[in-house]
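Trainee: coords please:
(2 chains)
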There are 2 protein chains.
Amino acid sequence: MNDMKFDIDAAAPKPSALAMVPFVSVADMMRQVNQAGIDRVLRDLAAYIEADFRRWPEFDKTPRVASHSPEGVIELMPTADAEAYGFKYVNGHPKNMREGFQTVTAFGVLASVATGYPLLLSEMTLLTALRTAATSALAGKYLAPEGAEVMAMIGNGAQCEFQALAFRALTGINRLRLYDIDTEATDKAIRNLAALDFQIARCASTEEAVEGAQVITTCTADKRNATILTDNMVGAGVHINAIGGDCPGKTEIHPDILRRAAIFVEYPEQTRIEGEIQQLDADHPVTELWQVLTGAAAGRSDARQITLFDSVGFAIEDFSALRYVHDRVRAGAPHVLLDMIADPDDPRDLFGMLRRAEGTG
Amino acid sequence: MNDMKFDIDAAAPKPSALAMVPFVSVADMMRQVNQAGIDRVLRDLAAYIEADFRRWPEFDKTPRVASHSPEGVIELMPTADAEAYGFKYVNGHPKNMREGFQTVTAFGVLASVATGYPLLLSEMTLLTALRTAATSALAGKYLAPEGAEVMAMIGNGAQCEFQALAFRALTGINRLRLYDIDTEATDKAIRNLAALDFQIARCASTEEAVEGAQVITTCTADKRNATILTDNMVGAGVHINAIGGDCPGKTEIHPDILRRAAIFVEYPEQTRIEGEIQQLDADHPVTELWQVLTGAAAGRSDARQITLFDSVGFAIEDFSALRYVHDRVRAGAPHVLLDMIADPDDPRDLFGMLRRAEGTG
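Mentor: As a prediction, this is how the structure comes out:
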């Protein structure tokens, strides 16, 4: 740096505050979560999601916009209320892992409905993992049998630890029974979870894992109609938290279990295409989770009922998560400001702004 | 900074190169344009747009996804070919200018279809102004009468200078006749354009402005069915570049002119809703511009024909513009790298990445 350079920069038009958009990077998100404590973040996220689910009819709900290719899908998931608009960009490329890439990456934007200006750009790979777990635990809090202490976790991949922490934070469940066809995935989960004071049993099969569990979380990655849970494995009174079945042709639960269960979903229009219930008739009765939260619909009706949360992930959960991060950023959580949108002094004089910047670069 | 701080940072997991996304800010875009020269940028953009229009059938074309509110609209405009996926976020809030905000702001993302990973995040307020002008001039190059020297410009707002420069760069037109109901807009345009060696006539009315012009560019901002051009103003042989009519209920050209003209459009499905031709029957014949560029359809058939480019702006133009900026960034154009997507060493171990970052913030 020299004085000349300094003078030139000082002469450059500075972007106005209006043009600056807070950006939360992956490193910033990790800092935010580690500073606040992940338990606190999961509880807060669940509270934001619950608050938004309770005012479900206020949202503009549109189907996700998917662009399919032979190797994967890229989706935009928008939603809005009267004040804020949010969207998430998310991809799904099953073959990525073999090539050293992530299967799923995501980022998102929150914007002001009144001005159309972006309010926040955030990484959402980590945030999606957090909000998915918070949503599951929120459903579990309302649907799991009273006094539940043990959770079976079938599939011990990237989502496993987040689910365990969220269930403990919201329902108090501290005993886990883990199984994955890939023993290295279970090794990884046990290594991470043992450091967090869970009581963990490593199991040799799904049958063994579900023994004595009041909650069963299925979170496997196979992109096909798999049958992770068969009818004989699921006894009375269990709550099933079905995470893995989340696109056409990808399911985990045998339809006989679905027919015995009371089924709870986020957004039926989407779940009937993407969720476990794609295996059932299009008019099979389901209950919308938001109505359980408001009290408009019943949750678990008795101790022997099998409840099933057929989770696929909905845009409002991402909206809640972006709203949470935006509030944290306003309270000083780590971020940087990006000069992302042009804001000339005179809105009609975009060209003049460009010209005045000449020689300043 | 102290040694301790340095040690802690050195221990933090660094995002891998895969997780870093180039970001072109407004300041970077201005630097890029001013360094290359705006004429060069407009010509290059037109070449990218022409190349993409010539392979039109290769694109996945979906309608824009709009979220309307009483005060404006927020839209996502996605498109993709076999290699790249692009989308633009753009808002339109007519009341913004009164409150010191821009009416339209935009940003966009280019991503790899093969991996779903973002390749570029870019400001697009300025880029949209550039690509809109480049598209108009490209259409003008194919449709304006031979030897055109004079362009009337009705509406001298933010787009005016970009249109003038793009037409000169692609067609050689150097004489401008300017009119705007707001004389301050014309003052601003003349101030900017006079410094660029245009021959400029300030006109007192639209009638005066169109006198002797072979090209008429209409680019007014009124959000209603206005009649900027009436039938008697438009003589034989003129090319009309109609920019301002770009959403339902917003048009500039009297339908009698449309009925006398050969009409060229970007994407008929969108233009029939948003363009000047919303005033005509749904089956009124139009020609797709891309077919003129490939030679599959005729452009101007004779010197006395009135041609009209009913421009509304289409996602492929944004895709071309993002592709251009991405190529410039790879060649060293100004940008920074953002840690926008998580990329753990072991894709199954997102939680471990979060844990290992603890204490490093």
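Trainee: tell me the contacts of the residue in the stretch 151-300 of chain A positioned nearest to chain B?
Mentor: Residue nearest to chain B within the stretch 151-300 of chain A: residue A:161 (3.8 Å; C-beta to the nearest C-beta). C-beta: built from backbone N, CA, C; applies to glycine. Shown in contact with residue A:161 (C-beta atoms under 8 Å, 6 or more residues apart in numbering or on different chains): A:189, A:192-193, A:196, B:351.
Trainee: any low-confidence regions in the stretch 201-350 of chain A?
Mentor: Applying pLDDT under 70 to the stretch 201-350 of chain A picks out residues A:222-225, A:245-246.
Trainee: show me where it has strands.
Mentor: For the stretch 201-350 of chain A, the strands defined by DSSP state E, counting those that start in this stretch cover A:215-218, A:225-229, A:239-242, A:251-253, A:262-265, A:287-288, A:307-310, A:336-339.
Trainee: mind giving me CSV with the ones you listed and columns for mean neighbour count and distance to chain B?
Mentor: Shown next, in CSV, are the strands of the stretch 201-350 of chain A (neighbours: other C-beta atoms under 10 Å in any protein chain shown; distance: least, C-beta to the nearest C-beta, whole Å):
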stretch, mean neighbour count, distance to chain B
strand A:215-218, 27, 15
strand A:225-229, 19, 17
strand A:239-242, 27, 17
strand A:251-253, 26, 17
strand A:262-265, 22, 23
strand A:287-288, 18, 22
strand A:307-310, 28, 21
strand A:336-339, 17, 4
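Trainee: Quick one, which of those gets closest to residue B:320.
Mentor: Residue B:320 lies closest, by C-beta to C-beta, to one member of those: strand A:336-339, at 23.5 Å.
Trainee: Write out the residues of the stretch 101-250 of chain A neighbouring chain B.
Mentor: A:101-103, A:105-107, A:109, A:111, A:113-118, A:123, A:125-126, A:129, A:157-158, A:160-162, A:185, A:188, A:191-192, A:195 (C-beta under 8 Å from any C-beta of the partner chain).
Trainee: Can you verify residue A:87 is assigned to a strand?
Mentor: Yes. According to DSSP: H, G, I helix; E, B strand; the rest coil, residue A:87 belongs to a strand.
Trainee: Not including adjacent chain positions, what is the nearest residue to it?
Mentor: Nearest residue to residue A:87 in three dimensions, chain neighbours excluded: residue A:78, at 4.0 Å (C-beta to C-beta, 6 or more residues apart in numbering or on different chains).
Trainee: next one: residue A:30
Mentor: That would be residue B:357: by C-beta to C-beta, 6+ apart, it lies 4.0 Å from residue A:30.
Trainee: Count the residues that sit near that neighbour.
Mentor: 20 (other C-beta atoms under 10 Å in any protein chain shown).
Trainee: Now it: phi and psi?
Mentor: phi -80, psi -10 (degrees, to the nearest 10).
Trainee: Return the distance of it relative to residue A:38.
Mentor: Between residue B:357 and residue A:38 the computed distance is 12 Å (C-beta to C-beta, to the nearest Å).
Trainee: mind checking pLDDT for residue A:98?
Mentor: If you check residue A:98, the pLDDT there is 83.
Trainee: Look at it and give its secondary structure.
Mentor: helix.
Trainee: From residue A:128, how far off is it?
Mentor: Applying C-beta to C-beta to residue A:98 and residue A:128 gives a distance of 22 Å.
Trainee: Please compare the two by neighbour count and tell me which comes out ahead.
Mentor: Applying other C-beta under 10 Å to residue A:98 and residue A:128 shows that residue A:128 carries more neighbours, namely 25 against 8.
Trainee: next structured bit after the helix or strand harbouring the more buried one?
Mentor: Assignment of secondary structure by DSSP states H and E places residue A:128 within helix A:125-143. Downstream of helix A:125-143, the first helix or strand assigned by DSSP H and E is strand A:150-154.
Trainee: And that next one, what does it pack against?
Mentor: helix A:160-171, strand A:175-179, helix A:206-210, strand A:215-218 (3 or more C-beta pairs under 8 Å, 6 or more residues apart in numbering or on different chains; DSSP states H and E).
Trainee: and residue B:65, which of the ones you listed is closest to it?
Mentor: The nearest among the helices and strands packed on strand A:150-154, by C-beta to C-beta, is helix A:160-171 at 29.4 Å.
Trainee: ok, back up a step: the closest residue to the residue of the stretch 151-300 of chain A closest to chain B other than its chain neighbours in helix, strand or coil?
Mentor: What sits nearest to residue A:161 in space, not counting adjacent residues and going by C-beta to C-beta, 6+ apart, is residue B:351, at 3.8 Å. Classification of residue B:351 using three-state DSSP returns helix.
Trainee: Residue B:351 against residue A:192, yeah?
Mentor: Yes. Residue B:351 lies in contact with residue A:192 (C-beta atoms under 8 Å); the separation is 5.3 Å.
Trainee: Settle it for me: which of the two has more neighbours?
Mentor: residue B:351 (24 against 20).
Trainee: show me the contacts for the more buried one.
Mentor: Counted by C-beta under 8 Å, 6+ apart, residue B:351 has contacts A:129, A:158, A:160-162, A:192.
Trainee: which non-adjacent residue is nearest residue A:119?
Mentor: residue A:110 is the one closest to residue A:119 (C-beta to C-beta, 6+ apart), at 4.9 Å.
Trainee: quick revisit: measure the residue of the stretch 151-300 of chain A closest to chain B to residue A:36 for me?
Mentor: 17 Å.
Trainee: just to revisit the earlier point, from residue B:140, how far out is the residue nearest to residue A:30?
Mentor: 54 Å.
Trainee: Would you check that residue A:32 makes contact with residue A:332?
Mentor: No. Counting by C-beta under 8 Å, residue A:332 is not a contact partner of residue A:32; they are 10.0 Å apart.
Trainee: The two - which one has more neighbours?
Mentor: Legend: neighbour count by other C-beta under 10 Å for residue A:32 and residue A:332, higher for residue A:32 (21 against 7).
Trainee: Over to the more buried one. Which of the three states is it?
Mentor: On the basis of three-state DSSP, residue A:32 is classed as helix.
Trainee: Would you mind measuring from it to chain B?
Mentor: Relative to chain B, residue A:32 is positioned 8 Å away (C-beta to the nearest C-beta, to the nearest Å).
Trainee: what residues are up against residue A:46?
Mentor: Residue A:46 makes contact with A:134-135, A:137-138, A:141, A:166, A:169-170 under the criterion C-beta under 8 Å, 6+ apart.
Trainee: a strand runs through residue A:107, doesn't it?
Mentor: Yes. Read with three-state DSSP, residue A:107 is one of the residues of a strand.
Trainee: Pull the contacting residues for it.
Mentor: Taking C-beta under 8 Å, 6+ apart, one finds A:88-89, A:121-125, B:118, B:340-341 in contact with residue A:107.
Trainee: now with 10 Å?
Mentor: Neighbouring residues of residue A:107 by C-beta atoms under 10 Å, 6 or more residues apart in numbering or on different chains: A:23-26, A:87-90, A:121-125, A:127-128, B:21, B:109, B:118, B:121, B:338, B:340-342.
Trainee: So which residues of the stretch 251-361 of chain A form helices?
Mentor: A:255-260, A:268-274, A:289-294, A:315-330, A:350-356 (DSSP state H, counting those that start in this stretch).
Trainee: Could you report the neighbour count for the closest residue to residue A:102 other than its chain neighbours?
Mentor: Spatial nearest neighbour of residue A:102, chain neighbours left out: residue B:347 (5.1 Å); criterion: C-beta to C-beta, 6+ apart. When neighbours are counted by other C-beta under 10 Å, residue B:347 registers 18.
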